[in-house]
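A.B. asks: Provide a 3D model corresponding to the input given below.
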Amino acid sequence: MTIADAQDDAPTAVVVVDPDGRVSGWSEGGSRLLGWTAEDTVGRPVADLLAGPVPPGFPESHGADLSGPVALRHRDGHTVDSVITAQPLRGPQGLVQGQVVTVQRWDRRPVIADRAFEQCPFALGVYDPELRFLWINASSGRVIAHSEEQVVGKKYREVLPEFDRSLFPERDDQPYIDKVAEVARTGVPARLITVFRPLGSSYANAWATSIWPVRDAEGNVRAVANWGFDMSAEYWARQRLLILNEATTGIGRTLDVVGTAQELATTSVPGFTDLVTVDLFDEVLRGEEPPSPPTTSRYEPLTLSRAARYTAKADDSLPGGPGGTVPVTHAVHSVAATCMATGRSTVELAVDPGVGGEWAFGPGLASDPAHWPPGNPVVDKGITAEGLTGRITVPLRARGALLGVVTFSRLDRPESFTADDLILAEQLAAKAAVAIDNARRYVHQSTTALTLQRSLLPQRLPHQEAVEVASHYLPAGIDAEVGGDWFDVIPLSGARVALIIGDVVGHGLHASATMGRLRTAVRTLADVDLPPDELLTHLDDLVLHFASDLQPTGHFQTTAETGATCLYTVYDPVSRRLTLASAGHPLPLVIAPDGTRIPVSAQPGPPLGIGGLPFEATELEVPEGSLLALYTDGLVENRERDVDQGVAELLGLLDHRAPSLEALSDTVMEAMLAEDRTDDAAVLLARTRALDPQHVADRDVEPDVAEVSRARQFAVDQVEAWGLEETAFVTELVVSELVTNAIRYGEPPIRLRLIRDTALICEVSDSSNTSPHLRRARAFDEGGRGLLLVAQLTQGWGTRHTPHGKTIWCAQSLAPTSGDAPSPSPFE
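C.D. replies: Have a look, this model is predicted:
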């Protein structure tokens, strides 16, 4: 298709009319327009072609130019609305010899329509099917920096050669060309949104383009037309909303201060800017309260920590890598220091706002200096030396506290920042500041809870000889709050030891505080020497009281959970028996010295805090050298495995031959726990020992006062046999007092037992449940001074109840036998 072909699509008839009003000439265009041939019309009155009244002065006014609409009669009978233009036809002497009349369809656009299309602010153009320019308006010419005369008849790529897309990604117009060619090929209209930088412009523009086929009377595609609308303001506003939406979901995903700063940086690049740095006060990184904001009158540089620095370049990041920080100093009167002191953002531009040509990005309000907020942007040519085209510095403030400062810089793109960009930067900074402050507060609370919990857990396990013990505790992962796992080892009377482990429901300070209260309560109840099932019953009542303490009163409300699990075990090295009771806690794993598992046939009771349900104690004998493992559910259960699978894996790790329980506990923790754990975990390992039978002596005592002297002699003989002559005097006195009280106030059978452990223990048992107590004797009382004497002469005394009565005991510390050498252990 040629340009002439395009013009022939709208035929123009030329008619020559004699002075007498007859047709003397007829063009081919007349045949195409009206269907009449030259043979049909030449010689006939021109009035025969009219379908309506003859225009005034036509054809009589031979000396004037006549034009206007007229209705003509087509050969097939229908009316053709037309516009005629009549001009006089003059001979050699200037005499009028007739008229030349041009006829066009009335639906052909008038001259004013041509001007309307030419002056249209949209970019209009018409191509032939081979993408040659047939016509463009002035707006389209400005976009491509060429006039209509320069492009008509040339192919698109002859006028606008293809750019290297890797070097000029913002000038990629290939999608537009591909779509025009597709419409020419298929005849299906299309719409397209493209983003590219027009020639002669420093800004990338977004264009909404409609492309449609132009068909002839037979329906053939003879050309492709399009119009383009610069929708940059709408497009970039939408992009800003998308960035904000991404920030809503992408910033604050973790309760980590540095991680949140990095999320702010990565969210902003490359959609909004090219380089982002986030500097925070060290106090914020540590979870402490931010310092007082600096003032403009200070005279010292401001030192912060750079928590994030991110660009699209892979080799441009913080030296410390992800999660690391580096110190950074801001001069006294630097932009960052001034922003933090004043609390206002600052925009630095390499050129004046609004510079960039008619098609500049963000035309109108966004780039008009009059629409910047108070304190217009600073035109700082110094940032050009840094390779920047613009920089926005925003203080990070949340809840009235200054946390640091963030800078958004543009490096590779030539677009200057606009007022809308400043709004976006401040919104991103505000979102990130709240998330960073939340993370700071979480770090503070988590650190406080962890410190509290560690202070409430035993700093070192107490010395005792019944079992060799080792423990290990790890809090939950970074994104989880500290929990309420706890454990304890409590020496008991009779050389026994209590091993306890528990887990409080919930996380945070409440769980840590509840754990401390429970641990204190267990120690108090263990000092009373209650059996495991009775101890858990009292502990259950105590947890119920915890819950009532948390009930809302007045305007105070709480959502804290109250509840816990606990496993209480008592090991007796004399009988080598283990007694245990569980309140909803996993039962211990027991490994015999030969490596086989000893089953624990116990039924765990309900968790603490339920109330009204019983707890059952179970007793089993364990060989000397058996390995006990007490653990919390955080050790064996996670997202990837269930409890049974975790217990099986733990059993495989419990090596009874391990020479060091400390090393074994480390191995268990490392192997069982994942880095992304959501619950804390604790393990308490114990290897049982058995007391040498030669270090235990007992005898029955008849309920006769005459037996007191024989009991004293038995005790003196036994301690001398053990080589403890220095304890004979005190032992004789306390045995005499305890046996006398049992004979007078107790019930038979009565039994005396001496145990040589790390201390010398004297025990007197009887069948009475009445417990003695200290009292102050009056001056003339004959009794009441016995227990006071026992308490003064020994390092400890007490009463424990048994299923068949009670046992009164007292213990004397054993000094080293000679020099600094300790006395031989009864377990060796």
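A.B. asks: for residue 595, phi and psi?
C.D. replies: Torsion angles at residue 595 (phi, psi; degrees, to the nearest 10) stand at phi 90, psi -10.
A.B. asks: again, but for residue 790
C.D. replies: Here is the backbone geometry of residue 790 (degrees, to the nearest 10): phi -60, psi -40.
A.B. asks: what ranges does the stretch 1-150 of the chain have for its strands?
C.D. replies: Per DSSP state E, counting those that start in this stretch, the stretch 1-150 of the chain carries strands over the ranges 13-17, 23-26, 66-73, 79-90, 96-105, 123-127, 133-136.
A.B. asks: tally of neighbours for residue 462?
C.D. replies: Neighbourhood size, residue 462 [other C-beta atoms under 10 Å]: 11. To be clear about C-beta, it is placed using only N, CA and C from the backbone, and glycine gets the same treatment.
A.B. asks: residue 134 too?
C.D. replies: For residue 134, the neighbour count with other C-beta under 10 Å is 21.
A.B. asks: once you drop chain neighbours, what's closest to it?
C.D. replies: Of all residues beyond its chain neighbours, the one nearest residue 134 is residue 126 (4.3 Å), with distances taken as C-beta to C-beta, 6 or more residues apart in numbering.
A.B. asks: give the bridge partners for the one you found, please.
C.D. replies: residue 135, residue 225 (DSSP bridges).
A.B. asks: give the next helix or strand downstream of the helix or strand harbouring residue 440.
C.D. replies: Assigned by DSSP states H and E, residue 440 belongs to helix 419-456. Where DSSP H and E defines the elements, the next helix or strand beyond helix 419-456 is strand 467-474.
A.B. asks: same question for the helix or strand just after that next one, mean pLDDT?
C.D. replies: For strand 467-474, the following helix or strand on the C-terminal side (DSSP H and E) is strand 484-491. Strand 484-491 comes out with an average pLDDT of 88.
A.B. asks: please apply the same query to stretch 385-395.
C.D. replies: Regarding stretch 385-395, the rounded mean pLDDT is 87.
A.B. asks: next one: stretch 261-274
C.D. replies: Rounded mean pLDDT across stretch 261-274 is 88.
A.B. asks: buried sites along it?
C.D. replies: Applying a neighbour-count criterion of 16 or more other C-beta atoms under 10 Å, one finds 261-265, 267-269, 272-274 buried in stretch 261-274.
A.B. asks: what is the burial count for residue 117?
C.D. replies: A count of nearby residues for residue 117, using other C-beta under 10 Å, gives 14.
A.B. asks: ok, now residue 446?
C.D. replies: When counting by other C-beta under 10 Å, one arrives at 21 neighbours for residue 446.
A.B. asks: which strands and helices sit next to the helix holding residue 440?
C.D. replies: Helix 419-456 sits against helix 232-250, helix 257-268, strand 390-398, strand 401-410, strand 484-491, helix 509-527, with contacts defined as 3 or more C-beta pairs under 8 Å, 6 or more residues apart in numbering; DSSP states H and E.
A.B. asks: tell me, what residue is most central in the protein?
C.D. replies: Nearest to the geometric centre of the chain sits residue 253, at 1.3 Å (C-alpha atoms, centre = their mean).
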